[in-house]
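# build me a model from this:
(2 chains)
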There are 2 protein chains.
Amino acid sequence: MSDFNRRPLTLAIDAMGGDHGPPVSVAGAEIALGRLGNGKVRFQLHGDQTAIEAELVKHPKLRPVATVHHTDKVIGAEEKGSHAMRRGKGSSLWNAVEAIRSGGADAAISAGNTGALMAISKLILRMTGGLDRPAIVSSWPTRRGITAMLDVGANISSDAAQLVEFAIMGEAFYCAVHARPGERVKVGLMNVGSEEQKGHDEVREANTILKDGGIELDYHGFVEGDDIAKGTVEVIVTDGFTGNVALKTGEGLARFFVTELREAMTSGPLALAGAFLAQGALKRMAARLEPPGGGPLLGLNGVVIKAHGGGTATSFADALKIAADLAASDYAAKAAANMERLARALDAPPPAAETMS
Amino acid sequence: MSDFNRRPLTLAIDAMGGDHGPPVSVAGAEIALGRLGNGKVRFQLHGDQTAIEAELVKHPKLRPVATVHHTDKVIGAEEKGSHAMRRGKGSSLWNAVEAIRSGGADAAISAGNTGALMAISKLILRMTGGLDRPAIVSSWPTRRGITAMLDVGANISSDAAQLVEFAIMGEAFYCAVHARPGERVKVGLMNVGSEEQKGHDEVREANTILKDGGIELDYHGFVEGDDIAKGTVEVIVTDGFTGNVALKTGEGLARFFVTELREAMTSGPLALAGAFLAQGALKRMAARLEPPGGGPLLGLNGVVIKAHGGGTATSFADALKIAADLAASDYAAKAAANMERLARALDAPPPAAETMS
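Reported below is the predicted structural model:
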C-alpha cells in the first residue's frame, strides 16, 4: 500500500523517550534506514544534542540523513498527561509532534510517556472526526498473522458512533501497514457472544451501523476475546476500557507464560539439557510471539506512533517502519471518505443511531 | 474454612452435562469421593439411568454413596438460556438444581450449558441481594496461587452497588474455597490505571463505597489487567462484559501459547530431543497452568457450580470439591452480613452512592 516513490519521508523522533533514550532511538533509526532504503527517509532527532551526537558517531550511515534538534527539556515517564500538556512545551516529545505541524515532518515517533504523547498530540495536531481523544491501536501476533485492536486505553466509554469510527480508522491503518497484497481485512466488534441480541446497547447499535450504514469495509460481525489469538479478523474494535483491560491481561499472561517456561526449562539437569537442545526452536518461537514495536494514535491530523517504552533498537525500528508506512499510504484519505459515509449514515432516515439516544 | 464434621454433604450432579456426560461425571465423582473422604459426601446422579449405571459398574467405591435419579430429558449445549428455562423442566440439569430446593441436596454441579444453568438456577433458587443474574467466578492460576475474577459473563453492565456485591460475594467465596489458613484475601477493582480519578463513574463510585462503606473486607484499590497473572490480589471485581472479554482473551492466549510451544518443540530433531528430555518439567508446568475445574454461580439461594464443559474426570472432581467446600463453609452467612452492611452504606448519610445518580 505504501508509496515511497516521491520525496523522502521525514520522521521526527523523540530521541529521549523510553527507558533507554538515544542509545536505542538512534540505533533504531539506523536499522529503519536499512529497511526503508537510502533516499527514502530522513530523520529529525529531537533531544539532548551531546547525548544524540555521542550515539550518531557509532552510526555513520545514519549521519547524512539525520538532523539533530537540541532541547534540554524532557518529559518524565511518570508525568501526568494534563501536566505534560501545560508544562511540556519545548520538550523533545513536544518538538517531535510540533515538527509535523510546522517542521516538515511526516510523522512523529516517541517511546516516551503515553499520556503525555496523547495530550500533546491532541493539543498540537487536533482531532479529526468526532472523537474526544486519539484511539490507541495494539497489534497482537496470532496464529494467522497480526490482529490489530483498538481502542486500548484512550477513550474510556465509547458510544456506537465512536466504535464505528474506531472500525474505520483501524481498517484503514491495517490496510496501510500490516496487510499483505490482496489480503482481506475483516473487522470484528468485541462482544460477549456472537448472537445479535448479545451485549450492551452501544455494541448492538454499532453492529447495526457497520452492517447497514454503507461504510465500505469488510465487516465480520461480533467477535469474542479468544478471537484475538485465533486471528479470526484483522481488526477488532472495542471501547478503551475493555480494550485496555484485555491488552494488559494478555501482556500479563505472556510474561507469566515466559517466566513459567523459563523456570520449567531450568528446573533440573534433564530440563536444562532439553532447553539447550531446543534453544533454536524456543528462540524462533519467542520472536514469533513478539508484538510489533509500536502502535499509532489514530484520529489525529497527523501520524503519531507510540513505540514501546522498554523496547530494543529493533523494536524501535519497527515503530519507525509503521510510521513510514502509514505516512506514505492513503490512510488519511481512505479514513476521511468512510467518516463522511458514517456521518451520512448517522443523519440518514431511518436514523439508526438516533433511535437509541 | 470447611466444616465436614456433620452429616454427609449431598452433591446433586447433572450427569449428562458437558462434552462427555456420564463417563466423565461418574468417574469425577469417584475421584472427589477419594479426596473428600468416605462418610463425608453422597452423590445424586441425575440423567439416563442406563448410561449412568454402565459407568457405576466401573466405579464400585462410588456405588454405596450414589443414587441414580433417572430422566430422559437433556438440555442441549447450544440451547438458549431462555428456551431452556421454559422447556427444560425435568431435564437432568433442572433436576440437579431442583434437588437443592426440594431434594435434600447441598449443592448442584453441571458441566452443561452455562446459559441454561444460570437461567434455571435463577428461576428455581431465586437471587439474594440486588443482582439481576448470578455472577460467574473464574479462577486463574497465577505466580502466587489463584486469583478469582468476577463477574465473567452474566451481568453485562454493572452499577457501583453491583460491583460492590461482586466484591462481597467473591471475597466470601475465596475464603471458603481457595484461601490457605491465615492467608490475607485482598480484593481489587479492575480499572485502566491505579489513580483515583481513572475509569468510568461506576468503578470510581464502587471504589468509594469499598473504601469507606464499612464493608469488612481487605480492599486493595484499583488493579489492571496484568495484575491477574501477577496475583496482586486474590479477588478481582469487574463488570460482566469486561470480565468475559478478559477471560476469553486469556483462554485464547493460553491455547495459542500451548500450540506455539508444541510446534516449536516438534519443529526438528534437536527440538524433539530437547522436548523428550524436558518432558517431565513441561508436564509439571502444564499442570500448574491448568485453571480450577469449575466456578460457582454466586448470588443464588444455593450453591451451584459450573464445571468445564470439555473437562476431564479430574477437573470435574475439582468442581465437586469446590461445591463441597462452598456448601460446608460459612460463605452464605458471611456474604449476607456484608450485604447488610452494603445496604446500610448505600442508605447512610452522606449517601455515597446516591450523589452520583
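
# how about the strands of the stretch 1-150 of chain A, start to end?
A:9-14, A:41-47, A:66-70, A:107-110, A:135-136, A:138-142, A:145-150 (DSSP state E, counting those that start in this stretch).

# ok, A:L253 to A:H83 distance?
Plainly put, A:L253 is 32 Å away from A:H83 if you go by Cβ to Cβ, to the nearest Å. From N, CA and C alone the C-beta is placed, and that goes for glycine too.

# so those two - more neighbours on which side?
A:L253 (26 against 15; other Cβ atoms under 10 Å in any protein chain shown).

# buried ones in the helix or strand where that one lies?
For A:L253, the enclosing helix or strand under DSSP states H and E is helix A:240-265. Going by neighbour count (16 or more other Cβ atoms under 10 Å in any protein chain shown), the buried part of helix A:240-265 is A:240-254, A:256-257, A:260-261, A:264-265.

# who does it touch, helix- and strand-wise?
For helix A:240-265, the packing partners by 3 or more Cβ pairs under 8 Å, 6 or more residues apart in numbering or on different chains; DSSP states H and E come out as strand A:138-142, strand A:145-150, strand A:186-190, helix A:269-277, helix A:279-289, helix B:227-230, helix B:240-265, helix B:279-289.

# can you name the residues of the stretch 101-250 of chain A that neighbour chain B?
Within the stretch 101-250 of chain A, the residues that sit near chain B (Cβ under 8 Å from any Cβ of the partner chain) are A:142-143, A:153, A:156-157, A:190, A:192, A:199-200, A:224-230, A:238, A:240-242, A:244-250.

# if you set the cut-off to 6 Å instead, what comes out?
By Cβ under 6 Å from any Cβ of the partner chain, the residues of the stretch 101-250 of chain A that approach chain B are A:156-157, A:190, A:192, A:200, A:224-226, A:228-229, A:241-242, A:244-246, A:248-250.

# separation between A:E195 and A:R204?
Relative to A:R204, A:E195 is positioned 10 Å away (Cβ to Cβ).

# report the closest residue of the stretch 1-150 of chain A relative to chain B.
Nearest residue of the stretch 1-150 of chain A to chain B (Cβ to the nearest Cβ) works out as A:R143 at 6.4 Å.

# what residues does the stretch 251-357 of chain A have near chain B?
Within the stretch 251-357 of chain A, the positions adjacent to chain B are A:251-253, A:256-257, A:260, A:264-265, A:267, A:270-271, A:273-274, A:277-278, A:281-282, A:285 by Cβ under 6 Å from any Cβ.

# repeat the analysis, applying 8 Å as the threshold.
A:251-257, A:259-261, A:263-265, A:267-268, A:270-271, A:273-282, A:284-285, A:288-289.

# kindly list the main-chain dihedrals of the closest residue to A:R143 other than its chain neighbours?
Computed as Cβ to Cβ, 6 or more residues apart in numbering or on different chains, the closest residue to A:R143 that is not its neighbour in sequence is A:G231, at 5.2 Å. Phi and psi for A:G231, reported as degrees, to the nearest 10, are phi 70, psi 30.

# list the contacts of A:G231.
Applying Cβ atoms under 8 Å, 6 or more residues apart in numbering or on different chains to A:G231 gives the contacts A:T142, A:R143, A:R144, A:G145, A:I146, A:T147.

# go on, A:A116?
A:I75, A:E79, A:K80, A:G81, A:A84, A:M85, A:G88, A:L93.

# hmm, which two among those residues are most spread apart?
A:K80 and A:L93 (13.7 Å; Cβ to Cβ).

# pLDDT score assigned to A:G18?
We have a pLDDT of 90 for A:G18.

# and it, how many neighbours?
A:G18: 24 neighbours (other Cβ under 10 Å).

# any low-confidence regions in chain A?
A:1-6, A:130, A:348-357 (pLDDT under 70).

# domains in it, as residue ranges please.
Following automatic domain parsing, chain A resolves into domains at A:1-126+A:300-329, A:132-293.

# no more questions from me, cheers.
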